[in-house]
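> next one to model:
(chains A, B, C and D)
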There are 2 protein chains.
Amino acid sequence: MATRKSSTPTPYNIDVHSSCVDCSVRAERLFCNMSKETVAVLDAIKFTAIYPKGSLLFVEGEEPRGVFILCSGRVKLTTSSSEGKTLIVKVAEAGEVLGASSTILGKPYEVSAETLEPSQANFIKREDFVKFLNTDVEACMHTAQQLSQKYQSAQQEIRSLGLSQTTSEKLAKLLLQWGTAGEETARGTRLTVLLTHEEIAQMIGTTRETVTRILSDFKKKHLIEVKGSSIFLMARKALEGMVST
Amino acid sequence: MATRKSSTPTPYNIDVHSSCVDCSVRAERLFCNMSKETVAVLDAIKFTAIYPKGSLLFVEGEEPRGVFILCSGRVKLTTSSSEGKTLIVKVAEAGEVLGASSTILGKPYEVSAETLEPSQANFIKREDFVKFLNTDVEACMHTAQQLSQKYQSAQQEIRSLGLSQTTSEKLAKLLLQWGTAGEETARGTRLTVLLTHEEIAQMIGTTRETVTRILSDFKKKHLIEVKGSSIFLMARKALEGMVST
DNA sequence: CGGCGCACGTGACGTTCATCACACAGACGT
DNA sequence: ACGTCTGTGTGATGAACGTCACGTGCGCCG
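Purely as a prediction, here's the structure:
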């Protein structure tokens, strides 16, 4: 997935960036794209680590230990009810900072973070992070930008959950959202889904069965086609017609 | 409501703070509670104004003009679907900064902001605000805190919308939430509701009729009692039992 | 005072989904 | 080859809730 050619082979076959200053993808990353001096400070206080799939970076309700800067891989952010129902709030991509709001406010993590694939992340202790922000405007500004993005995507999620009429609509919306990152082919936009129906259900607040049924329905209507773990969006227009906005 | 004794009477009968440095409630406000020097800069770039009830500070989709610091009053933040369905995302209280995420990112406002009562707000132009943050760590840090709070409350909203099983549960949750700000009386916690059933429905993503019905149901079960625009929570325990967490 | 507008109350009806139950397919280890 | 586990497909059933329809009380204003 997000794997790159690596000069230092690892158990998980992903490229390890041990130094932030020398990081080859730093410029592409909204948060990490800072001046050399600032990044050097970051380098000094961070602890880098590789996590296998299924690792829990932090858990909802836990006192904030610090932030994680996701270097590579993908992490799902979830929240659960006491009845055991789980909602996937967001899937974080490389470059995002996780746990910042809790760390800044000193309040418990409000979501759990679990790696969906082998991932590298830089951990910064709460104390160090707060000090870092307080002494470096650039870092603080970039954090504010990160938080703004997180807030906006949360807002999106609220819209989706609160304003959608039907479950089909939410699913269509999700497929289209994924579609923006997919590749175009002759039979339509192709996207690789590495989530189970169960997890998709948790993303749109419904049940596994309903997801299966709606996907079957979409197939029947020739809106999509499923080949293994790939989904082809064959009639993007029709799908777009299902979503209110 | 949030009215105070005023030395300078205004059309809306609220206390006007024209200077931030001399503001009597500054220390209570998370954002405004900054050093005198920083606040002085703020004073220099802000435009203060009083808005009557129903004023639109900004509208969803609009290019970000800047931020509003709410000095007094309450503002509802809403988002709407193209079908005209509206969702009240949050009711902002005095002290909150509105429109910060959009202003920082330069992306359109993602919600609309409308005053629920006569309110005072300080407006800061985008350009000035961004420059302010970039030159003053303290301001930047306080903004990061504001954003963190906004993010956490958005997260709460997501939980409520996505994990609640029934509509009764959401309504009970809302009442309890309001209850924390209500006053204790012999017949239970009293809270004054200035929202219509329609607006309550928009807060929990349901219809006006359903809100009416559920409230009737609660009354029938002696969980609450309604007197004019006051609601008494008579059986808080029972209500708490309805919410999953 | 009478009419209008707005918020609230309530009944009937149909759709959508969650729930339960079970069947089937592929992956994987022994 | 066999059991086991996890993911997927599908049917039956009922409860919750949106929708439509209409009625009632109350404040406001000509």
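
> now the residue nearest the centre of chain A: how far from A:Phe68?
Residue closest to the mean C-alpha point of chain A, counted by C-alpha atoms, centre = their mean, is A:Ala92 at 1.3 Å. A:Ala92 sits 9 Å away from A:Phe68, taking C-beta to C-beta, to the nearest Å as the criterion. Every C-beta, even on glycine, is put in place using the N, C-alpha and C of the backbone.

> re the thing from before, residues contacting the residue nearest to the centre of chain A?
A:Leu70, A:Arg74, A:Val75, A:Lys76, A:Leu77, A:Leu98, A:Ala113 (C-beta atoms under 8 Å, 6 or more residues apart in numbering or on different chains).

> say whether chain B is contacted by the host helix or strand of the fourth one.
Per DSSP states H and E, A:Lys76 falls inside strand A:75-80. Yes: looking at strand A:75-80 against chain B by C-beta under 8 Å from any C-beta of the partner chain, the contacts come from A:Thr79, A:Ser80.

> now do that strand: distance to the chain's middle.
9 Å (C-alpha atoms, centre = their mean, to the nearest Å).

> ok, stretch A:147-158 next?
With C-alpha atoms, centre = their mean, you get 12 Å for stretch A:147-158.

> with just CA atoms, put that stretch into PDB.
Extracted in PDB, the C-alpha atoms of stretch A:147-158 (Å, rounded to 0.1, in the frame of the first residue of the first chain):
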ATOM      1  CA  LEU A 147      -6.400  20.500  14.500                       C
ATOM      2  CA  SER A 148      -8.400  22.600  12.000                       C
ATOM      3  CA  GLN A 149      -8.300  19.800   9.500                       C
ATOM      4  CA  LYS A 150      -9.300  17.300  12.100                       C
ATOM      5  CA  TYR A 151     -12.200  19.500  13.100                       C
ATOM      6  CA  GLN A 152     -13.300  20.000   9.500                       C
ATOM      7  CA  SER A 153     -13.300  16.300   8.900                       C
ATOM      8  CA  ALA A 154     -15.200  15.700  12.100                       C
ATOM      9  CA  GLN A 155     -17.700  18.200  10.900                       C
ATOM     10  CA  GLN A 156     -18.000  16.300   7.600                       C
ATOM     11  CA  GLU A 157     -18.700  13.100   9.600                       C
ATOM     12  CA  ILE A 158     -21.400  14.900  11.600                       C
END
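
> ok, and for it, which residues are buried?
A:Leu147, A:Ser148, A:Gln149, A:Lys150, A:Tyr151, A:Gln152, A:Ser153, A:Ala154, A:Gln155, A:Gln156, A:Glu157, A:Ile158 (16 or more other C-beta atoms under 10 Å in any protein chain shown).

> distance to A:Arg126 for those - can I get that in TSV?
Formatted as TSV, these follow (distance: C-beta to C-beta, whole Å):
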residue	distance to A:Arg126
A:Leu147	16
A:Ser148	21
A:Gln149	21
A:Lys150	18
A:Tyr151	21
A:Gln152	25
A:Ser153	23
A:Ala154	22
A:Gln155	26
A:Gln156	28
A:Glu157	26
A:Ile158	28
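
> want to try TSV for those, with distance to A:Val137 and pLDDT as columns?
Rendered in TSV, the data for these read as follows (distance: C-beta to C-beta, whole Å; pLDDT from 0 to 100):
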residue	distance to A:Val137	pLDDT
A:Leu147	15	98
A:Ser148	16	98
A:Gln149	19	97
A:Lys150	20	97
A:Tyr151	20	97
A:Gln152	22	97
A:Ser153	25	95
A:Ala154	25	96
A:Gln155	26	95
A:Gln156	29	92
A:Glu157	30	92
A:Ile158	31	93
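
> among those residues, which one lies nearest to B:Thr192?
A:Ile158 (26.0 Å; C-beta to C-beta).

> I'd assumed A:Pro108 was in contact with A:Glu63.
Yes: A:Glu63 is in contact with A:Pro108 according to C-beta atoms under 8 Å; the separation is 5.9 Å.

> and the two? Which one has more around it.
A:Pro108 (14 against 11; other C-beta atoms under 10 Å in any protein chain shown).

> name the SS class of the more buried one, please.
coil (DSSP: H, G, I helix; E, B strand; the rest coil).

> all strands in chain A, in order from the N-terminus.
A:46-51, A:56-58, A:66-72, A:75-80, A:86-92, A:97-98, A:112-115, A:119-125, A:183-185, A:188-192, A:224-227, A:230-233 (DSSP state E).

> so can I have JSON lines of the ones you listed showing mean pLDDT and distance to A:Thr207?
Converted to JSON lines, the strands of chain A look like this (pLDDT from 0 to 100; distance: least, C-beta to C-beta, whole Å):
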{"stretch": "strand A:46-51", "mean pLDDT": "94", "distance to A:Thr207": "29"}
{"stretch": "strand A:56-58", "mean pLDDT": "95", "distance to A:Thr207": "24"}
{"stretch": "strand A:66-72", "mean pLDDT": "96", "distance to A:Thr207": "30"}
{"stretch": "strand A:75-80", "mean pLDDT": "94", "distance to A:Thr207": "15"}
{"stretch": "strand A:86-92", "mean pLDDT": "94", "distance to A:Thr207": "12"}
{"stretch": "strand A:97-98", "mean pLDDT": "98", "distance to A:Thr207": "28"}
{"stretch": "strand A:112-115", "mean pLDDT": "94", "distance to A:Thr207": "21"}
{"stretch": "strand A:119-125", "mean pLDDT": "96", "distance to A:Thr207": "28"}
{"stretch": "strand A:183-185", "mean pLDDT": "88", "distance to A:Thr207": "30"}
{"stretch": "strand A:188-192", "mean pLDDT": "91", "distance to A:Thr207": "22"}
{"stretch": "strand A:224-227", "mean pLDDT": "91", "distance to A:Thr207": "19"}
{"stretch": "strand A:230-233", "mean pLDDT": "93", "distance to A:Thr207": "20"}
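
> I'd like those as a markdown table, with distance to DNA strand C appended.
Output for the strands of chain A, formatted as a markdown table (distance: least, C-beta to the nearest atom of the strand, whole Å):
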| stretch | distance to DNA strand C |
| --- | --- |
| strand A:46-51 | 21 |
| strand A:56-58 | 23 |
| strand A:66-72 | 23 |
| strand A:75-80 | 14 |
| strand A:86-92 | 12 |
| strand A:97-98 | 28 |
| strand A:112-115 | 19 |
| strand A:119-125 | 20 |
| strand A:183-185 | 22 |
| strand A:188-192 | 16 |
| strand A:224-227 | 13 |
| strand A:230-233 | 14 |
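
> out of those, nearest to A:Lys131?
Comparing the strands of chain A by C-beta to C-beta, strand A:119-125 comes nearest, at 9.5 Å.

> give the burial count for A:Glu28, as a bare number.
Count around A:Glu28 with other C-beta under 10 Å applied: 11.
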